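Enquirer: the sequence and its predicted three-dimensional model are supplied below.
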Amino acid sequence: MWKVYKYTLLDLARNRFALGYALLLLLVSVGLFMLESDNTKALISLTQVVLALVPLLALIFTIIYFYNQYEFTVLLAVQPLRRQSITRAQFLAIGTALLVSFLFGVGFPVVAYAPSPIGWTLLLTGAALTLVFCALGMFIAVGQRDRAKAVGIGLATWVFMVLVYDSLLLWLMFSFSDRPIEPVIVPLAALNPIDLSRILVMLKVDLAALLGYTGAVYQKFFGGAGGMLVSFVALLLWMLLPAWGAVRTFARKDL
């Protein structure tokens, strides 16, 4: 397993996308901090970029990279290696490369310009989203034989989580505004890793007050240590379950 991990990681180190991804995040992060005199405002803007850009690029890159390495993966599968080990090694290598790129592109500027609780929360949630969408990308790629279909499913997944899911939550809140639906919105928000990450950063910036009673519910549930722990456990499950699904699917897949 570790030999496959090492080879995949070395291959990713030469990958232009990984380098370009890190430089893109670095330019955006430094640019936002230089344009904004208030580091908190820069962090809020950077949060919006991270929550939209990081999941999309992690998801699509993982899918495309899996298909680009598919012949090599099949070659490994006929060797005396467990299929589960191959998939685990590839997931860990891709996750490591994307995580290093994220920490280089966003971590260095945040540590240099805004080493605050907001900044640390952004880095933790961004790192978690990187691994979550890497796992989702592996799960989608392993389950589909056609590259275009897999990329389409990945894009649809990203659009649903970034745009459609929020719209559904808002529709529920307005449709049942005369009923105490806010406690239901909290667990529903936790079902979307992007929404969950947004809430965690928002609470550190203390923007929950702008959301009225819903913000108070978020503050009550997620604001304490217990809520933070539940949130990161939820993000961990979002990472582990798709990764486990990808490992099981590839182990049973007819190559």
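Expert: Thanks, I have it. These numbers come from a predicted model, not from an experiment. Numbering: from 1, shown residues only.

Enquirer: center of this structure - which residue?
Expert: Central residue of the chain (Cα atoms, centre = their mean): Leu129, 2.0 Å from the mean position.

Enquirer: now do the buried residues in the host helix or strand of that one.
Expert: Taking DSSP states H and E as the definition, Leu129 sits inside helix 117-143. Applying a neighbour-count criterion of 16 or more other Cβ atoms under 10 Å, one finds 118-119, 121-142 buried in helix 117-143. Backbone N, C-alpha and C define where each C-beta goes, glycine included.

Enquirer: distance of the residue nearest to the centre of the chain from Pro55?
Expert: 5 Å (Cβ to Cβ, to the nearest Å).

Enquirer: next one: Thr8
Expert: For Thr8, the distance to Pro55 - Cβ to Cβ - is 21 Å.

Enquirer: give me the phi and psi angles of Asp38.
Expert: For Asp38, the backbone dihedrals are phi -90, psi 120 (criterion: degrees, to the nearest 10).

Enquirer: what's the answer for the one 10 residues further on, then?
Expert: Backbone torsions for Gln48, taken as degrees, to the nearest 10, come to phi -60, psi -40.

Enquirer: what's around it, how many residues?
Expert: 12 (other Cβ atoms under 10 Å).

Enquirer: so where's the protein uncertain?
Expert: 1, 173-174, 176-186, 205-228, 254-255 (pLDDT under 70).

Enquirer: quick one, helices of it?
Expert: Taking DSSP state H to define them, one finds helices in the chain at 2-13, 16-35, 39-68, 70-77, 83-102, 108-113, 117-143, 147-159, 165-175, 182-190, 193-205, 212-222, 225-252.

Enquirer: ok now the second one, how far from the chain's centre?
Expert: Shown here is helix 16-35, whose average C-alpha point lies 17 Å from the average C-alpha point of the whole chain (Cα atoms, centre = their mean, to the nearest Å).

Enquirer: do the same with the shortest one
Expert: Using Cα atoms, centre = their mean, we find the averaged C-alpha position of helix 108-113 to lie 20 Å away from the chain's own average C-alpha position.

Enquirer: same question, the longest one
Expert: Relative to the mean C-alpha coordinate of its chain, helix 39-68 is positioned 7 Å out (Cα atoms, centre = their mean).

Enquirer: now for it, which elements pack on it?
Expert: In terms of contacts (3 or more Cβ pairs under 8 Å, 6 or more residues apart in numbering; DSSP states H and E), helix 39-68 is packed against helix 16-35, helix 83-102, helix 108-113, helix 117-143, helix 147-159, helix 193-205.

Enquirer: separation between Trp148 and Met161?
Expert: Quick fix: residue 148 is Ala, not Trp. Counting by Cβ to Cβ, the gap from Ala148 to Met161 is 21 Å.

Enquirer: quick one on the thing from earlier: so can I have a markdown table of the helices and strands packed on helix 39-68 showing distance to Met239?
Expert: Shown next, in a markdown table, are those (distance: least, Cβ to Cβ, whole Å):
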| stretch | distance to Met239 |
| --- | --- |
| helix 16-35 | 19 |
| helix 83-102 | 9 |
| helix 108-113 | 22 |
| helix 117-143 | 5 |
| helix 147-159 | 15 |
| helix 193-205 | 9 |
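
Enquirer: of those helices, which is nearest Val50?
Expert: helix 117-143 (4.8 Å; Cβ to Cβ).

Enquirer: counting contacts, what elements does that closest one pack onto?
Expert: helix 39-68, helix 83-102, helix 108-113, helix 147-159, helix 193-205, helix 225-252.
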